[in-house]
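**Student:** sequence plus predicted model, see below.
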Amino acid sequence: MIAGTAAETLPFSRIGVERAGDNAELHTVEGATHVDLYGVDEYVTPAVARLTEFFGRHLARD
């Protein structure tokens, strides 16, 4: 899960990751609000990079 450190929803993201399976991770983007992660390039770009890395690790074919 990805959340901004300035997001009001960050506590819900933390709870979701705590309750999720073993592969769950929380990545925070410094200074971003919830809405910033929808389209502010300085926040979206590192979020997409992190998602790409995560899915590459967990969905890679054997």
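**Tutor:** Received the coordinates, thanks. Numbering: from 1, shown residues only.

**Student:** all the helices of this structure, residue numbers only.
**Tutor:** Remark: helices assigned in the chain by DSSP state H are 10-19, 41-58.

**Student:** give the buried residues for the last one.
**Tutor:** So the one you mean is helix 41-58. 43-44, 47 (16 or more other C-beta atoms under 10 Å). Heads up, the C-betas are built off the backbone N, CA and C, glycines and all.

**Student:** please work out which residues outside stretch 48-56 touch it.
**Tutor:** When contacts are defined by C-beta atoms under 8 Å, 6 or more residues apart in numbering, stretch 48-56 is touched by residues 2, 25, 27.

**Student:** show me how far it is from its chain's centre.
**Tutor:** Per C-alpha atoms, centre = their mean, to the nearest Å, the displacement of stretch 48-56 from the mean C-alpha position of its chain is 9 Å.

**Student:** circling back to that earlier point, now the helices of the chain in CSV, with mean pLDDT and distance to Val35?
**Tutor:** Output for the helices of the chain, formatted as CSV (pLDDT from 0 to 100; distance: least, C-beta to C-beta, whole Å):
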stretch, mean pLDDT, distance to Val35
helix 10-19, 98, 13
helix 41-58, 95, 10
